[in-house]
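Novice: one predicted model, sequence on top.
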Amino acid sequence: DIGIEFLMDDTSLVEIADPADWKAEADQRIQDLRTGNVHLRFNLASDVNADDIDIQVDLKKHAFGWGSLVRDQWMIDAQHTKYQQMVYDLFNTATTQGVKWKFDKGSQGHPNFDDAISCIDQLNAHGMRVRAHNMFWGFTKNLPGYVQHMSSTAELNKTVQDHLHYMVNITKGKADHWDIMNELIHGQWFEEQFHDATFSEGLYSQVHELDPKPLLMLNDFSVVARPEIADAYLQQAQRFLSHGIPLQGLGLQGHFHEHTPDPGLMMTYLDLVAEAGLPLWVTELDVWQTDLALRADNYETVLRVLFSHPAMEGIVFWGFWDQHVVDKRSSLVDGADLTINQAGQRFIHLIKEEWSTHVNQSLSSGTHMDFRGYKGDYEVTVRKNGALLKVMPFSLTGNSTMVHLHIDSKAEIAPPGVSQGSQRDVNGDYVMGTSTSTDSGTLSCHNQYGHQTLVADEAEADATCRTSDGIITGCTSILKNHDWHREGNQLLTDKGQVVCRAVAGVGTTGGNQPIARCCKLSGLTCTYRAAGPSQPGHGQTVEAVCLPGETPLGCAAWGEHNNGGGGMSSHTSCTA
């Protein structure tokens, strides 16, 4: 009715209490909802002594969805490998918006979504959950120009049908979520054109019939950050369901722009929209705050409340790098070298430490392990006297799981990135080199410094030991100018000589100076073993193990990016 600008049937005011102990309550819900009991039982062969066996259990992938919007082109080109690696390291879910109709790189009748599909294929290959956002959007500005100016509803309907079938065909079996009609509360252009209030409902039914794999979702704003339409959104979802429409999830965008998150208010409206009985996903989370410490605090508040809600199944950031966000005040990562800022560090702490599970135990205390862990995919690593025997995966999806593992003295093949026995280096050689000292009856050692690298990405410099110095037993480096950008140190053979090589990283401001540790002792022999590379990602390790009778004297670690965790020696190995 053109004459009515605002209509109100009824209104009421309800006070929403501000829970003083909201954090403790959220933490308890998280423990109740997101963790389960793990029971590991080990059966040891007769030739295996329990005192020799160490068990390491690590959560590798959360069941809960942690994700971000990604840029299609950056996920498939060779210039953004560090960006790609960070996506795979931090998240298990990714949203591509390259499937939006307005981003079609082709023309009417000749669509081109090649970059988006290549991106989706890459995400699938890395085991990522994929959110396709979106197929239709009922705002004029978000439609191709030729669609906006269709001369008849018959022509428009054919165009819509052609687009629906084309998009389903190119994404069939590849997407885990589809936002079929975006922001339907706010934009109803198609309903207005066809004079049909249920037009979008039919699209959901069609897509589901053509491709039953993806969860079909609504997605809208002002539901949880500023809950202005939460009631209307609930009613919309209930109407879809009452009409038998295969609506399978609700997307809550989550744009916290320049206001402090209110835990009590958030929980109230999450509870409200959860009455629809559908899984909830926060699909476009961003928190705008110039002060990094406050940004980190606000993100933590939002994440803790959302993660604690029983209907919430995933949280997706609306970009994480300041080169690809709506407002740089929301970023987790900054600059050309992708430096993780304070907010990003807080996020990593939450998902990799506070809300993650890592357990170590010697079987000398018993051949069983019982603990409570976060739900997801795990690996059990078994070592005998420090040497890798077995790696076994398992998943915790419900409230409890029982895992039985047989251990004998025969080492099984290690997974990619873990080396054992005779190690291969990255060039395929088992042993990088051997050196023997023959001219000293008393152990003596000193440091031999090399020239520092140039101030440039991947610049290299070597240090080595002269014959009179003895042999190399260790390798490290010093960063100049209080810098931290380095890719690490390598022990390798160059032109028949073992050298300690320092490698500078992206964004270095002072260069990297190698230091070789040189030792002399009659009969001292060093064999230089290497392993790797490790699997990419935060917390991934690779281990070079000494053979029986050998003792590690030094440990060096190197990676292709300047954010490695370094290397550490044990009594049997070097772990990077």
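Specialist: Cool, the structure landed. Residues are numbered from 1 along each chain as shown.
Novice: all helices of this protein, in order?
Specialist: 22-34, 72-76, 81-90, 114-125, 145-148, 153-171, 189-194, 199-210, 230-242, 263-273, 292-307, 342-349 (DSSP state H).
Novice: and the average pLDDT for stretch 180-194 is what?
Specialist: What stretch 180-194 shows for mean pLDDT is 97.
Novice: er, stretch 468-482 I mean
Specialist: Across stretch 468-482, the average pLDDT comes to 81.
Novice: what are the buried residues along it?
Specialist: Neighbour counts over stretch 468-482 (16 or more other Cβ atoms under 10 Å) mark Asp469, Gly470, Ile471, Ile472, Thr473, Gly474, Cys475, Thr476, Ser477, Leu479, Lys480 as buried. Using the backbone N, CA and C atoms, a C-beta is placed for each residue, glycine as well.
Novice: and for stretch 160-175?
Specialist: By 16+ other Cβ under 10 Å, the buried positions in stretch 160-175 come out as Val160, His163, Leu164, Met167, Val168, Thr171, Lys174, Ala175.
Novice: can I get those in CSV including pLDDT and distance to Asp10?
Specialist: Converted to CSV, these look like this (pLDDT from 0 to 100; distance: Cβ to Cβ, whole Å):
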residue, pLDDT, distance to Asp10
Val160, 98, 37
His163, 98, 40
Leu164, 98, 38
Met167, 98, 41
Val168, 98, 41
Thr171, 98, 43
Lys174, 98, 46
Ala175, 98, 40
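Novice: ok, so of those, who is nearest Leu234?
Specialist: Using Cβ to Cβ, Ala175 is the member of the buried residues of stretch 160-175 that lies nearest Leu234, at 25.5 Å.
Novice: distance of the closest one from Ser68?
Specialist: 16 Å (Cβ to Cβ, to the nearest Å).
Novice: what pLDDT does Asn134 get?
Specialist: 98.
Novice: I'd say it and Ile180 touch.
Specialist: Yes: using Cβ atoms under 8 Å, Asn134 is in contact with Ile180, at 7.1 Å.
Novice: how about low-confidence regions in this protein?
Specialist: Counting by pLDDT under 70, the chain contains low-confidence ranges at 1-9, 411-441, 457, 481-485, 507, 535-539, 560-565.
Novice: if you set the cut-off to 50 instead, what comes out?
Specialist: 1-2, 413-432 (pLDDT under 50).
Novice: contacting residues for Asn385?
Specialist: Taking Cβ atoms under 8 Å, 6 or more residues apart in numbering, we find Asn385 in contact with Asp52, Thr572.
Novice: hang on, the earlier thing: got the helices of the chain as CSV, with distance to Gly549 columns?
Specialist: Below are those laid out as CSV (distance: least, Cβ to Cβ, whole Å):
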stretch, distance to Gly549
helix 22-34, 46
helix 72-76, 47
helix 81-90, 37
helix 114-125, 42
helix 145-148, 74
helix 153-171, 57
helix 189-194, 75
helix 199-210, 64
helix 230-242, 68
helix 263-273, 59
helix 292-307, 49
helix 342-349, 40
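Novice: so which of the ones you listed comes closest to Leu521?
Specialist: Nearest of these to Leu521, taken as Cβ to Cβ: helix 81-90 at 41.9 Å.
Novice: list the buried residues of the closest one.
Specialist: Going by 16+ other Cβ under 10 Å, helix 81-90 has these buried residues: Lys82, Tyr83, Gln84, Gln85, Met86, Val87, Tyr88, Asp89, Leu90.
Novice: check stretch 460-469 too.
Specialist: Neighbour-count burial for stretch 460-469, counted by 16+ other Cβ under 10 Å, picks out Glu460, Ala461, Asp462, Ala463, Thr464, Cys465, Asp469.
Novice: what's in contact with that stretch?
Specialist: With Cβ under 8 Å, 6+ apart as the test, stretch 460-469 has contacts from 439, 446, 448-453, 471-472, 475, 494, 497-504, 511-516, 518, 520.
Novice: now do 6 Å
Specialist: 448, 450-453, 471-472, 497, 499-503, 514-516, 518 (Cβ atoms under 6 Å, 6 or more residues apart in numbering).
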